[in-house]
Every structure is written in C-alpha cells, then in structure tokens.
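1. A predicted structure for the sequence below; I have some questions about it.
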Amino acid sequence: MKKKVISLMLCACMAMAAVGCGGKKFDNPDKGEDLIMATNAYFEPYEYYEGDAVTGIDVEIAQAIADKLGLTLKVEDMEFDSIIAAVNSGKAHIGVAGMTVTEDRLKNVDFSDPYTTATQVIIVQEGSEITGGDDLVGKKIGVQLGTTGDLFAAEIEDVQLEQYNKGMDAVQALAGGMIDAVIIDNEPAKQFVSKAEGLQILDEEFAVEEYAIAVAKGNEELLDDINKALDAIIADGTVKGIVDKYITAE
Ligand code: GLN
C-alpha cells in the first residue's frame, strides 16, 4: 500500500516537472496563440506567392491543422536551408515545405506522419543527349541548395554541382544553357518547366520520397498534437481534397 502511494506521488511530481519544464508549447505573448509555419515559398504547388499571400498544398494542410488545434496559422517565408534551424530555435513551431523525411534530418528534427509522396526527377533541354540518370556523369547539374536533389546530385561521379536558393533559378539557368540538367521534386518540376521554354522532364524517377512536417526534436507534445490533427484530416479526406485541387491526375 505504502509503495503504491509513493509511486503515485512520484508520478504526480514527474507530471508537474514536465509541465514546469516544457511550458506552454504555443506560448507566444506578442502574437497570441499562433501556429508558426516555416517554409520556402518558391515551391509551387506546395507553397508559393499569390500576390502578397503564401498559398499552396502545404499552407492549406497547415491551415487545416491549425483549425483543428484552435490556433492561428502564421507563415514565415525563409530559405529552405534555414527551416530546420528555425524549428529547432523555436522561431517556428513547424516546418512545412515539401520536406522529405531523411535519416540525416531525423538527427536534427522530428517528423510527423507523412502526408504525401513525391519523386525526384531530371529536367533537361528538349533534345538533350541526357536521357536518364546514367548520362549525368561529369555533367553540370543545378539543384536547390540543401534539398534531397542536392544530395543525390552530389553523389554523381565527377558532377559539377550548381546550387541555387530557388528551384526556379536552377531551371532558368538550364533554359539559358548554363547547366545541363536539374534534379528536383516532380510537382515543382512540372510547374517550373511550364514557365520556361524548351525544357522536358525525363520519365525516369530518381527516388521516391515522403513529405512530412518537421517539429523541434524532442517536443513530443507538439508532435503528438500535429499528428492527431494531421491523421484526422487525412482520414476525413481533407488532405486528398487539398492535393487534388492543386495536382491534376495524369
Ligand atoms: N523534397 C525536397 C527536400 O526535402 C525539396 C524540398 C524543397 O525544395 N522545398 O529536400
């Protein structure tokens, strides 16, 4: 009996310690109860500017999560390369940026359940001698800095890697004949190619990836809230509806 009381007290103490140490996870006195999303808004159809507002699949999914949690979504646009640091420093609560779950990133952040899949594709000029991944050896390849496309390209033999802050900048360099190919995510690739002249996407898909939401490492309470909200909007078809609105099936 005594033992039970002590262990109960221990539990209570631990629970109090957890609250004391974690604080309120959305505590943001200046702005009220915001859910701050870090993103890089040059990645259509996931996040992009329409006038002054950032819109797209990721923004709508984050908005639906914020609605479920009773929070106000705020979008912070930054370099893709800065998103993980922003999430870990508490500058943002979540990183939603067509971000692929990778082993390396998992060392620095935690990821929600995946909300969609994507592939890496190769963009070349129409009529290019490059017809597949094997032809990329020794070529000048453009990528968006810090992305999985960047990592894949870096592994190609004798590659001349050209890193850009925005995927569209890489695609424009390709259209201008400054580089030989671009490796990037499939849906933005379609958007970028449609806005440039004389480019094509090769059929071969480089890698299949899963996109998920990044949260600060070890913030289990926040991760749990995000996952519960996300799982609910996946289950009720909200996520599919959002994706279908932006991506037309082939
Ligand atoms: N999915 C890629 C990655 O996570 C690219 C993401 C992006 O450029 N926004 O690295």
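-> Right, received. Where do you want to start?
2. mind checking which helix or strand residue 48 is in?
-> Secondary structure from DSSP states H and E places residue 48 in strand 47-50.
3. hmm, that strand in reach of the ligand?
-> No: applying CB under 6 Å from any ligand atom, one finds strand 47-50 separated from the ligand by no less than 7.6 Å. Where you see a C-beta, it was placed from the backbone N, CA and C, and this is true even at glycine.
4. Point out the residues in this structure that sit beside the ligand.
-> So far as CB under 6 Å from any ligand atom goes, the chain lies against the ligand at 40, 43, 80, 97-100, 144, 147-148, 185, 209.
5. Tabulate those residues (a markdown table), appending secondary structure, pLDDT and neighbour count.
-> Shown next, in a markdown table, are the residues of the chain next to the ligand (DSSP: H, G, I helix; E, B strand; the rest coil; pLDDT from 0 to 100; neighbours: other CB atoms under 10 Å):
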| residue | secondary structure | pLDDT | neighbour count |
| --- | --- | --- | --- |
| 40 | coil | 97 | 26 |
| 43 | strand | 98 | 27 |
| 80 | helix | 96 | 23 |
| 97 | coil | 98 | 24 |
| 98 | coil | 98 | 25 |
| 99 | coil | 98 | 28 |
| 100 | strand | 98 | 22 |
| 144 | strand | 96 | 28 |
| 147 | coil | 97 | 24 |
| 148 | helix | 97 | 24 |
| 185 | strand | 98 | 25 |
| 209 | strand | 97 | 20 |
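6. now the residues you listed in TSV, with distance to residue 215?
-> Shown next, in TSV, are the residues of the chain next to the ligand (distance: CB to CB, whole Å):
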residue	distance to residue 215
40	17
43	19
80	17
97	13
98	16
99	11
100	16
144	22
147	20
148	19
185	21
209	19
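7. Pull the contacting residues for the residue nearest to the spatial centre of the chain.
-> Centroid-nearest residue in the chain: residue 99, 2.2 Å away (criterion: CA atoms, centre = their mean). Residues counted as contacts of residue 99 (CB atoms under 8 Å, 6 or more residues apart in numbering) are 83, 105, 111, 211-214.
8. Looking at those residues, which is nearest residue 34?
-> Closest approach between the contacts of residue 99 and residue 34, by CB to CB: residue 213, at 15.8 Å.
9. Run through the helices of this protein in chain order.
-> 2-22, 57-69, 83-89, 103-106, 148-154, 167-175, 186-194, 220-235, 238-246 (DSSP state H).
10. just to revisit the earlier point, for residue 34, state which of the residues of the chain next to the ligand is nearest.
-> residue 97 (17.8 Å).
11. I'd say that closest one and residue 48 touch.
-> No: here residue 97 does not reach residue 48: they are 11.5 Å apart, not a contact under CB atoms under 8 Å.
12. who's in contact with residue 42?
-> 48, 166-168 are the contacts of residue 42 under CB under 8 Å, 6+ apart.
13. Which of these ranks first by neighbour count?
-> residue 167 (29 neighbours; other CB atoms under 10 Å).
14. Neighbours of residue 108, how many?
-> Other residues close to residue 108 by other CB under 10 Å number 13.
15. dump the residue contacts of it.
-> 84, 88, 217.
16. Tell me the one among the residues you listed nearest to the ligand.
-> Nearest to the ligand out of the contacts of residue 108 is residue 84 (CB to the nearest ligand atom; 10.3 Å).
17. What's the local residue count around that closest one?
-> For residue 84, the count of nearby residues is 21 (other CB under 10 Å).
18. Do I have it right that it meets residue 217?
-> No: counting by CB under 8 Å, residue 84 sits too far from residue 217 to count as a contact (9.5 Å).
19. what touches both of those two?
-> By CB under 8 Å, 6+ apart, the residues touching both residue 84 and residue 217 are 108-109.
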